[in-house]
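Undergrad: One predicted model, sequence on top.
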Number of protein chains: 4
Amino acid sequence: MTDKVFNVAILGASGYTGAELVRIIATHPNLRIRALSADRKAGQTMAQVFPHLRHLDLPPLVAVGDIDLAAVDLVFCALPHGLSQALVRELPAQVKVVDLGADFRLRDPDEYAKWYGAPHAAVELQGEAVYGLTEFYRDDIRRARLVAGTGCNAATVQFALRPLIAAGVIDLDRIICDLKNGISGAGRSLKENMLFAERSQDVAGYSQGGRHRHLGEFDQEFSALAGRAVRIQFTPHLVPVNRGILASCYVEGDAAAIHATLADAYRDEPFIHILPMGEAPQMAHVQGSNFCHIGVVGDRIAGRALVVATLDNLNKGSSGQAVQNANLMLGLPETTGLMLAPVFP
Amino acid sequence: MTDKVFNVAILGASGYTGAELVRIIATHPNLRIRALSADRKAGQTMAQVFPHLRHLDLPPLVAVGDIDLAAVDLVFCALPHGLSQALVRELPAQVKVVDLGADFRLRDPDEYAKWYGAPHAAVELQGEAVYGLTEFYRDDIRRARLVAGTGCNAATVQFALRPLIAAGVIDLDRIICDLKNGISGAGRSLKENMLFAERSQDVAGYSQGGRHRHLGEFDQEFSALAGRAVRIQFTPHLVPVNRGILASCYVEGDAAAIHATLADAYRDEPFIHILPMGEAPQMAHVQGSNFCHIGVVGDRIAGRALVVATLDNLNKGSSGQAVQNANLMLGLPETTGLMLAPVFP
Amino acid sequence: MTDKVFNVAILGASGYTGAELVRIIATHPNLRIRALSADRKAGQTMAQVFPHLRHLDLPPLVAVGDIDLAAVDLVFCALPHGLSQALVRELPAQVKVVDLGADFRLRDPDEYAKWYGAPHAAVELQGEAVYGLTEFYRDDIRRARLVAGTGCNAATVQFALRPLIAAGVIDLDRIICDLKNGISGAGRSLKENMLFAERSQDVAGYSQGGRHRHLGEFDQEFSALAGRAVRIQFTPHLVPVNRGILASCYVEGDAAAIHATLADAYRDEPFIHILPMGEAPQMAHVQGSNFCHIGVVGDRIAGRALVVATLDNLNKGSSGQAVQNANLMLGLPETTGLMLAPVFP
Amino acid sequence: MTDKVFNVAILGASGYTGAELVRIIATHPNLRIRALSADRKAGQTMAQVFPHLRHLDLPPLVAVGDIDLAAVDLVFCALPHGLSQALVRELPAQVKVVDLGADFRLRDPDEYAKWYGAPHAAVELQGEAVYGLTEFYRDDIRRARLVAGTGCNAATVQFALRPLIAAGVIDLDRIICDLKNGISGAGRSLKENMLFAERSQDVAGYSQGGRHRHLGEFDQEFSALAGRAVRIQFTPHLVPVNRGILASCYVEGDAAAIHATLADAYRDEPFIHILPMGEAPQMAHVQGSNFCHIGVVGDRIAGRALVVATLDNLNKGSSGQAVQNANLMLGLPETTGLMLAPVFP
């Protein structure tokens, strides 16, 4: 274990992924938080914005422009979608960047414009950015200056399906992913339908019918893997849980071959666990951690299978993934600071 | 509105469906509760077992054998699966029966034995029993002495799919139903995985892969409707909600035709509401009521659609349906006592 | 039962108490909703704002100024605090008013100004308004044109304590009330700390130390009852429950005398239930109803007792109380439309 | 930081405190789990009983008698109350013991018999055991062979009140503690009132009126501190939260003096945080951690104050405390492995 310490800054520290970054880094032996920004809450302390972090000795929240980046090795951008583009362009060249937002996930400017409703403001960086699904882009991430964190839904489903698409063991035209999503995925922004009284005791789908932006990532990644256009059906549902995504992926293929393919693909992965054949994972067993549990269950209808993957959207789906990528970019062992066990119950 | 009062008994009143029957009947103008049975809790009052009903003047809980059935017009059997069979055979011939359990849902004794693991103990009654999905078996129910309440999952999915199967507007070999189920569906029995600390903050599938018993009902009903064998994929998931089932049904067919078929089928139904095209219902909007909300959303992939149905498992999925059927069997208007509005938030 | 139908309007129908009024009136035999107002959501239908009410045939939401009050017998004002004052003054003299807000609860203009931070805008009406705690102001309410609904916390604690203060069986200088409050009490307004992810899994006090506005009601009512100034300690806590208030009131006095006093006071009350000595009520047993359950438990320390009261803040604490008062004002039996049983689980 | 590794065994590893011990030790640099026992689940793996721990390389669950204690430095007993007494007597003399149960908390055998309903089976050990409230028994714990973990409620309230009682700044005869308790405190045992459907949306007091066993600890500790008999009022309430205790302690004394006393007492404590005067802590801000947050709010009634303390019952209230004590007993820095940040949201 190295003793080397790297200085990091978190831009957008007043959101949930910002807080989760701080929580993870609190026990990370090689990262030191040098600066925290939050434009609307500049001037406050992190203990005021997130009292669960009051035991930590943290820098105050400042406006992003007030950060001295000379002393920073790596920046985590946990900003709302659309705000990273211009900002990243202004950063000094020696500063590495892990962007947790959506700005650099799609390589094709047209695809970006289609899903996000506006042209990209930093097209030249779009090409440079490496897609941050660590388990599949490790080597590129090690060499990258700018890594684009994946969507949390996009990560969950890709963990379930990438090896299957690559191996050709499922029908590419018959993939249906039904997701159950914890509420923290909506962030801390104020919407009537995110109030406790509206969400407690409710289940509701959203962005149904192929309108969710993470479909852009699926289209890009799965098509590249398959060497042809792949379009999946994808429906997220809000469930009254703070953290977690559970993806029920209905596929066509041989369940045993599917299970074997996944078990083989993830045999040496520290964070991805394949359950015994016939068992499906539960959301509560990964919360608070960087782990992803995946299970495969065959159906009574021959040739059909259910692949279920679950992870913590704030951790493995966002901030944990970000630290995993930062570890690689900084030359640290990939699991450093990330072996925190899930919290249950 | 008639002033006539019918005497009813509830067998198995100490479970959740028993309590829900009492709650509904409390403001039903034509039903009077004459007897309540609960073998293990015989001797207790309903206010002891369910303090939320303490304002009602109810008979005490007795053993089922201690009920005087001479004074009873109709019996609701809310017993655990398997206990109704012998019991119903012993009831006086003039007593009508609404069974909320699974004992009489399957007409074929072999199918019963296959799904429930034991031969049926009252095969002669199995044939007599009418399947209790009111909206589709109304005339038979009016004439029936014995009505078999449907499974709660079975009701939800059938409301979404029956008109589509009957009309031939969806591909019968490509039906996938992903359900999100409130916890009260598991009843009041003691299981470790039903403890609050295990279910709060969790989502978990169960009986995946075609092992859930309600598949017997789907096989029976959908095959009869289609005139050929129909087998669907069906996966329920526990979500941390007290009441409610939300079924996301992935089908192949034209979304507009699907919506039109459902709108047409349910145009005059007081309890089934079809949302405007492109809108999907939420579980919280039917809780505590006998209503079922259904929505249809097309997909970006042509020829695919999502049909979402939601209802309250204890009410429309069980006790509300039972009262709806009892109303018909007793010659009362079908909606009597059932227009209670959902409770939100 | 009378067949007479009264026309009512609900001002502020897009909030939770507005929705609860509609839910109750939906099965009330003598009230008909003639108009619904919601300034910000004018132009929408109630089904859009509250889809759980979509089965009802309701007038559209309009701006308050667009309501034709000539056809209205009684108005329910479910407006944010401060908005009723000027509005009520403009209403035609023959229209009765039940105000669910705080504007007319305090009779003393100085007290109003002290607790609400601004002078009262309709002082002349303040004197006319009757305090709407039905069980204690019945006769005045029958004759009133303007009834001021109580605070939901204020109702809960008063049900527990009024008979005890009136009878002199507790020490007036040693009353401590610790409340656990469901989240719907905060209404539908957008605040970061009301988001699901912030409230789920949390308990937090608020307005501690004697700063909560409902203290103005306690001061007014308890002092009048006692004939001397009474000041209680009162601390509400948010708990992750949609509906319900449970007040744990720590008092000094003889537990048996306290229980006997309460049992005697509420013997003939249809909505207030005193549990057997030594039993305390649970919040889940009154949700969705107009009932209040109260229990008394003695302490191992002689002369100390715990009085626990629970009710549904949206129903008995607000909209149910409002309908109960409206029934009296319109000459209807007090319980009309209000015997809906609690919904459990 | 030492590299020395100590071998530990966990007896009763299939309960929630057992799982929390494993979670904490998973990232503790100096403890290695050598054995896990669970009589009823002997033969299973920890991954079967607690799938959230599946990433860890753990010994299988065995019967307690099958553990080889020769290789063990310290045993954590996480057994149901009453089972540790005989067992601890049989342990080899060189094995240190941290008992998480209630068996050794009370030093007086009569008090034990009174609160636990049976005579103590290892009276000679009762005298030897050190009460495990680390912050107040540090030196004794360092030298102890047997440490008795405190009750989780007992810890919470003592953190709030011990310095105040010791300093004489509050009235000893007027202490009322109203607790809000997460459900995991009830453990994994099967009770109808612990089912999700019963607890979700409910708040309910229990063991009211001075019947809760943790009162034995308060009587012992507070009386010893004060040098006279002290009896407090103490009422716990179940709230629908997985983890956490929030104690609202109503005391008489000067709020400023109370705050100053607490701030002074805990100035150098790594795990106890006193909030600024007038602020009260929230349960959600300590979950998953070994921290305790305490706040003081004065009342509008002079001489009254509210002291609110909150901690995670499974962590600081039980397993975190146990590891903190083990650290001391093994000569390790007290905070080793315990600086995990709370998980929010």
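TA: Right, received. Where do you want to start?

Undergrad: give me the number of residues near the residue in the stretch 1-150 of chain A that chain C sits nearest to?
TA: Closest residue of the stretch 1-150 of chain A to chain C, C-beta to the nearest C-beta: A:Y16 (7.1 Å). In short, each C-beta sits where N, CA and C put it, glycine included. Applying other C-beta atoms under 10 Å in any protein chain shown, we find 24 residues neighbouring A:Y16.

Undergrad: correct me, but it touches A:S184?
TA: Yes: A contact is recorded between A:Y16 and A:S184 when judged using C-beta atoms under 8 Å, the distance being 5.2 Å.

Undergrad: circling back to that earlier point, next one: the residue of the stretch 1-150 of chain A closest to chain C from A:R23, what distance?
TA: Remark: distance between A:Y16 and A:R23 (C-beta to C-beta, to the nearest Å) = 10 Å.

Undergrad: Need the pLDDT of the residue of the stretch 101-250 of chain A found nearest chain B.
TA: Among all residues of the stretch 101-250 of chain A, A:G210 sits closest to chain B, at 2.9 Å; criterion: C-beta to the nearest C-beta. Per-residue confidence (pLDDT) for A:G210: 91.

Undergrad: so what's it closest to, chain neighbours aside?
TA: What sits nearest to A:G210 in space, not counting adjacent residues and going by C-beta to C-beta, 6 or more residues apart in numbering or on different chains, is B:R300, at 2.9 Å.

Undergrad: Is the one you found in contact with A:T235, as I believe?
TA: No: counting by C-beta under 8 Å, B:R300 stays clear of A:T235, with 11.6 Å between them.

Undergrad: So for those two, which residue has more residues nearby?
TA: For the pair B:R300 and A:T235, the greater number of neighbours falls to A:T235 (25 against 12), based on other C-beta under 10 Å.

Undergrad: Just the residues contacting the host helix or strand of that one, thanks.
TA: In the assignment (DSSP states H and E), A:T235 maps to strand A:233-238. Residues from elsewhere that reach strand A:233-238 (C-beta atoms under 8 Å, 6 or more residues apart in numbering or on different chains): A:153, A:157, A:175-181, A:183, A:186, A:199, A:202-210, A:212, A:214-215, A:218, B:180, B:246, B:248, B:250, B:299, B:301, B:304, B:306.

Undergrad: ok, now which ones touch A:A71?
TA: With contacts taken as C-beta under 8 Å, 6+ apart, A:A71 has the following neighbours: A:N7, A:R34.

Undergrad: Quick check: it vs D:L340, distance?
TA: Using C-beta to C-beta, A:A71 is found at 28 Å from D:L340.

Undergrad: circling back to that earlier point, how distant is the strand holding A:T235 from the center of its chain?
TA: 16 Å (C-alpha atoms, centre = their mean, to the nearest Å).

Undergrad: In its sheet, which strands sit next to it, and in what direction?
TA: strand A:176-181 (parallel), strand A:204-205 (antiparallel) (DSSP bridges).

Undergrad: Quick one: mean pLDDT over the last one.
TA: For strand A:204-205, the per-residue pLDDT values average out at 98.

Undergrad: Hmm, A:A284 is touching A:H293, no?
TA: No: in this structure, A:A284 sits apart from A:H293 without contact. The criterion is C-beta under 8 Å, and the distance is 10.5 Å.

Undergrad: What residues sit buried inside the longest helix anywhere in chain A?
TA: For chain A, the longest helix by residue count, based on DSSP state H, is helix A:152-167. Residues of helix A:152-167 classed as buried by neighbour count (16 or more other C-beta atoms under 10 Å in any protein chain shown): A:152-165, A:167.

Undergrad: avg pLDDT for it?
TA: Mean pLDDT, computed over helix A:152-167, is 98.

Undergrad: residues from the stretch 1-150 of chain A in reach of chain D?
TA: On the criterion C-beta under 8 Å from any C-beta of the partner chain, chain D has as its neighbours in the stretch 1-150 of chain A the residues A:16, A:19, A:22-23, A:26-27, A:50-56.

Undergrad: if we can go back for a sec, what's the residue of the stretch 1-150 of chain A closest to chain C in contact with, if anything?
TA: For A:Y16, the contacting residues are A:S184, A:G187, A:R188, A:L314, C:A197, D:P345, taking C-beta under 8 Å, 6+ apart as the criterion.

Undergrad: For the first one, the count of nearby residues, please.
TA: So that's A:S184. Neighbours of A:S184 (other C-beta under 10 Å): 30.

Undergrad: So it sits against D:P345, correct?
TA: Yes: contact criterion C-beta under 8 Å: A:S184 and D:P345 qualify, at 5.3 Å.

Undergrad: Which neighbours do these two have in common?
TA: Overlap of the contact sets of A:S184 and D:P345 (by C-beta under 8 Å, 6+ apart) consists of A:Y16, A:N242, A:R243, C:A197.

Undergrad: tally of neighbours for the closest residue to chain D within the stretch 151-300 of chain A?
TA: With C-beta to the nearest C-beta as the measure, A:H285 is the residue of the stretch 151-300 of chain A nearest to chain D, at 4.0 Å. A:H285 sits with 23 neighbouring residues when counted by other C-beta under 10 Å.

Undergrad: try A:M277
TA: Around A:M277 there are 15 residues (other C-beta under 10 Å).

Undergrad: So it versus A:A166, what's the distance?
TA: When distances are taken as C-beta to C-beta, A:M277 and A:A166 turn out to be 20 Å apart.

Undergrad: mind listing what A:E135 touches?
TA: For A:E135, the set of contacting residues under the criterion of C-beta under 8 Å, 6+ apart consists of A:F159, A:Y266, A:E269, A:F271, A:I272.

Undergrad: Now render these as TSV, adding secondary structure and distance to chain D.
TA: As requested, the contacts of A:E135 are arranged in TSV below (DSSP: H, G, I helix; E, B strand; the rest coil; distance: C-beta to the nearest C-beta, whole Å):
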residue	secondary structure	distance to chain D
A:F159	helix	15
A:Y266	coil	12
A:E269	coil	11
A:F271	coil	8
A:I272	strand	10
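
Undergrad: Those also near chain B: which ones?
TA: Checked against chain B using C-beta under 8 Å from any C-beta, the contacts of A:E135 yield no neighbours at all.

Undergrad: The helix or strand encompassing A:D140: what's the following helix or strand?
TA: Using DSSP H and E, A:D140 maps to helix A:134-143. Toward the C-terminal end, the helix or strand that comes next after helix A:134-143 (DSSP H and E) is strand A:146-148.

Undergrad: Pairing partners for that following strand, with directions?
TA: Each strand that strand A:146-148 pairs with, and the sense of that pairing, follows from DSSP bridges: strand A:96-99 (parallel), strand A:130-131 (parallel).

Undergrad: Of those strands, which stretch is the most buried?
TA: strand A:96-99 (a mean of 24; mean count of other C-beta atoms under 10 Å in any protein chain shown).

Undergrad: which outside residues touch that strand?
TA: Contacts to strand A:96-99, defined as C-beta under 8 Å, 6+ apart, come from residues A:73-77, A:84, A:88, A:91, A:129, A:132, A:144-149, A:322, A:325-326, A:329-330.

Undergrad: In strands only, show me these.
TA: Judged by DSSP state E, these include A:L74, A:V75, A:F76, A:C77, A:L146, A:V147, A:A148 as members of strands.

Undergrad: Can you measure across stretch A:200-217, start residue to end residue?
TA: 30 Å (C-alpha to C-alpha, to the nearest Å).

Undergrad: Might you quantify the distance of that stretch from its chain's geometric centre?
TA: The mean C-alpha position of stretch A:200-217 is separated from the chain mean by 16 Å, C-alpha atoms, centre = their mean.

Undergrad: Common neighbours of A:Y16 and A:S184, please.
TA: Among the neighbours of A:Y16, those also in contact with A:S184 (C-beta under 8 Å, 6+ apart) are A:L314, C:A197, D:P345.

Undergrad: burial measure for the second one, as a count.
TA: Look at C:A197: counted by other C-beta under 10 Å, it has 26 neighbours.

Undergrad: so who does the residue of the stretch 201-345 of chain A found nearest chain C touch?
TA: Using C-beta to the nearest C-beta, the closest approach of the stretch 201-345 of chain A to chain C is made by A:N242 at 5.2 Å. By C-beta under 8 Å, 6+ apart, the contact set of A:N242 is A:G182, A:I183, A:S184, A:Q287, B:Q201, C:F196, C:A197, C:S200, C:Q201, D:P345.
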